[in-house]
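1. Make a model of this:
(chains A and B)
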Amino acid sequence: MKTLNIKKTAVIAILLGVIGFAFTAAPDRITVKGSDTMVILAQKWAEVYMKSNPSTAVQVTGGGSGVGISALINGATDIANASRKMKQTEKDKLKARYNTLGVEVACAKDGITIYLHPSNKVKELTIEQLGKIFRGEIKNWKEVGGADADIKLYGRENSSGTYVFFQENVVKGDYASTCQTLPGTAAVVNAVKKDANGIGYGGAAYAEGIEICKVKQNANSPAYLASAETIAKNQYPISRYLYMYLRNKPTGAMKKYIDWILSPEGQKLVVEMGYFPVK
Amino acid sequence: MDFCCIKSKQTVEMKKNIWILFVVISLSAFTAKAQTDKKLEEKVTELNDVVNGINERLATSEADLSKLTKIKVSGYIQAQYQNYENLNTQPTNFFSIRRARVKFTYEAADGVKFVLQPDFAPGSLSLKDAYVVVNDHWSKTFSLWAGKFNRPNYEVEYSSSQRELAERSLVIRTLYPGERAIGAKLEYNPLSVPFHAQLALINGNDGLTINNSAGANLNATDNKDFDNYKDIMARVTYNLRLGNFGGLDFGAHGYFGSLKSMALKTLSSDYSTIKDAKIGDAIKRNWVGGEFQLFADVLGGMSVKGEYIAGKNASIGYTPVAASGTTAAVPGVANFQNNFSGYYLYFIKNLGKRNQFAFRYDYYDPNTDIKGKDVTITKYTSADATTLKNRVSGKSDLATSTFGFALHHYFDDNIRISLNYDIVNNEKVGTTAGVSNLMENYTKADGSVVKNGLDYSKNVNNNMLTLRIQAKF
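-> Numbers count the residues shown, from 1 in each chain, chains lettered A, B, ... in the order given. Got it, this is the predicted structure:
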């Protein structure tokens, strides 16, 4: 008799749970977390969107792509902004926790920009040279046509999507131990501004008051600056998509917000903020 | 006149004094300024030295810190309350620590990783994982593992901290006791194709009990192999994306191994076929399985997962011991090879962001050649029972099916509270003249024994409730 009661109680509890929670509606409060490269764009989107949709609250924070994706897996954010694609290990964790493969939304494009001090004589570098510089194999500016001075490296923390993308596509190995890691692209720009021998990398939208280095695919190809045209034509060698990741297909307020971001109005803000549109 | 002269003289004198005073003050001020400048310069130099010192220390600290960031520490603790409905389990309910694990991962260099994971469960300290992984630098698709690691199987490799039911399914617990094995493994994970392959060469004795005639486990230490036979395990999987619906992962795994014969006979699972064997012969243990995991982005996310495994397992017997002095002779026991099959099927559904429901049906038949009605009827009778024991089919040949239900609440990123209830059913034995062919005694809480209280011609209650709290960091 006791056994029967436990069974009944367990079955009833489970059924109530299923009925009670299975159709939980999407909230009108959207939390966005992740890429520091995207944070100024995401904040602008949220600010403009909330003006015309006061019933929806969009809260945006940075922290880095890795931090945003972890928060998505842990249920701490609704949208993870990422300047790189989700890794297989992250997808596996999302599958294990939420039984979904996640939804990837490409919402903007970006050219990873190489920042130099305005006094630096070097104006263009190849991908190979950049790789050697950030791996610590080229240590002096004179090796790439600059002054006889030690190169000072500035980069991002390993939770940054920009760090990962730049490592996979340019550095192709370990960053030099002398590369000073800084919390955010703005900090990298500021560091290079103050250091005549500095070099850093980050999103194009942050490149103000600083020299931008042209980038060449190889020694024989032309050098390009990141621009809407060079990125659209795939000429700029280190361009990438910027993504928003969701746990599930968006519904309700979330769907409306994502649709708006991909609309001409949302993409106009992409250009205004110094990024490049996906369409 | 004199007055005027005196006054003029006094005025000149006064002016002179004023000048002298001015010069003295100026000199003093100049000297003071020079001294202040000097002090300031000294102070700046001093501060500069301090800043340089701090910079040097900061650089050293950063270098040390970057080394420390290569060490990752994670782990989890599972504390639980369990209530057993089995009449033969005393006490019937208790609190216990199921897991207390800390995992240390050290990324020595790009593509080289060391992992060490002890389990600090009360009363026992055991090493669960201890392996090194080396990734190839060129194609970035191969990785070599060496040490003690999870055997390549879906449910085995799926962490206990993530699993949706309290324990792994019975077929997996039986085939892969302790989950880990010592050996080497090659993994192939191409970057452009969602295909994964694992090929492992392992000792194959991990977690097995191999008794001699005195009942001593010859395989008591699992730090090295018991025999010279090495077992091969392989697993391949493919991840198929199903558009916006979700994804389907599917694959297969196989186990191809042997145990060293310690007996002169090998009995088959039908309890009638017996073959000669030599000490040291390879007693085969081979099985294959197919698996799938379907993930659907429906109503907040759900999945269906399953696996079917079938093949031949084996246990090792021992040789007879001749009488010596006052010690009586001990008849030998034949090796035993059993054909088995088993499967499990999960249904998992998210209930909002913080709750999850899971159901699993799992079935394991340890001997597919013996039906329930044949248990205790079918037996092998030795021609000479003084040298080889008779073997009778019994409880270990009965199939078991389990309905498992679980509700999880994710309190925060680190804490999960789970309620799990397992309804366990056994295969029924037959009856002879209205009396069950298999009955067992059980002991009550007061120590009294109930004769034939467990009747296997009916369902013997093995249901179990588990309330577990898990803290993960």
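2. Secondary structure class of the residue of the stretch 151-279 of chain A found nearest chain B, three-state.
-> Scanning the stretch 151-279 of chain A for the residue nearest chain B gives A:D174, at 4.9 Å (criterion: CB to the nearest CB). The C-beta positions use only the backbone N, C-alpha and C, and glycine is treated the same way. A:D174 falls in the coil class when you classify it by DSSP: H, G, I helix; E, B strand; the rest coil.
3. Can you report how many residues lie near it?
-> For A:D174, the neighbour count with other CB atoms under 10 Å in any protein chain shown is 14.
4. Counting neighbours, what do you get for the residue lying closest to it once chain neighbours are set aside?
-> Spatial nearest neighbour of A:D174, excluding adjacent residues (CB to CB, 6 or more residues apart in numbering or on different chains): B:D110 at 4.9 Å. Residues within reach of B:D110, counting by other CB under 10 Å, total 11.
5. near chain A, which residues of the stretch 351-473 of chain B?
-> Counting by CB under 8 Å from any CB of the partner chain, the residues of the stretch 351-473 of chain B lying close to chain A are B:351-355, B:357, B:405, B:407, B:410, B:413, B:419, B:421, B:423, B:461, B:463, B:465.
6. ok, which pair from the residues you listed is furthest apart?
-> Among these, the pair separated by the greatest distance (CB to CB) is B:D413 and B:N461, at 38.0 Å.
7. what about the two, which has more around it?
-> For B:D413 versus B:N461, neighbours defined as other CB under 10 Å are more numerous around B:N461 (17 against 14).
8. Which element, helix or strand, includes the more buried one?
-> Taking DSSP states H and E as the definition, B:N461 sits outside all helices and strands.
9. Could you pull up the contacting residues of B:P91?
-> Counting by CB atoms under 8 Å, 6 or more residues apart in numbering or on different chains, B:P91 touches B:A445.
10. Just the strands from the stretch 51-200 of chain A, written as ranges.
-> A:57-63, A:79-82, A:103-116, A:124-126, A:152-156, A:180-182, A:198-203 (DSSP state E, counting those that start in this stretch).
11. what lines up beside the fifth one in the sheet?
-> So that's strand A:152-156. In the sheet, strand A:152-156 lines up against strand A:180-182 (parallel), strand A:198-203 (parallel) (DSSP bridges).
12. that older thread, quick one: which of the strands of the stretch 51-200 of chain A is nearest B:L267?
-> strand A:103-116 (56.2 Å).
13. so what secondary structure elements neighbour the closest one?
-> helix A:161-166, helix A:185-194, strand A:198-203, strand A:211-216, helix A:228-232, strand A:239-246, helix A:252-262, helix A:264-272 (3 or more CB pairs under 8 Å, 6 or more residues apart in numbering or on different chains; DSSP states H and E).
14. Could you tell me the angle between the direction of that strand and that of helix A:185-194?
-> 10 degrees (axes from the mean of the first three to the mean of the last three CA atoms, to 10 degrees).
15. Can you check what angle separates strand A:103-116 from strand A:239-246?
-> Our comparison of strand A:103-116 with strand A:239-246, counting by the same axes, to 10 degrees, yields an angle of 140 degrees.
16. still on that earlier bit, so which of the helices and strands packed on strand A:103-116 is the most surrounded?
-> The highest mean neighbour count among these belongs to strand A:198-203 (a mean of 27), with neighbours defined as mean count of other CB atoms under 10 Å in any protein chain shown.
17. What are the structural domain limits within the chain?
-> Using chain A. A:29-109+A:241-272, A:110-239 (automatic domain parsing).
18. actually it's chain B I care about, not the one you picked
-> Per the record, chain B has its domains at B:1-69, B:70-472, by automatic domain parsing.
19. For these, please prepare a markdown table with the additional fields distance to A:G34 and mean pLDDT.
-> As requested, the domains of chain B are exported to a markdown table (distance: least, CB to CB, whole Å; pLDDT from 0 to 100):
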| stretch | distance to A:G34 | mean pLDDT |
| --- | --- | --- |
| domain B:1-69 | 21 | 74 |
| domain B:70-472 | 16 | 93 |
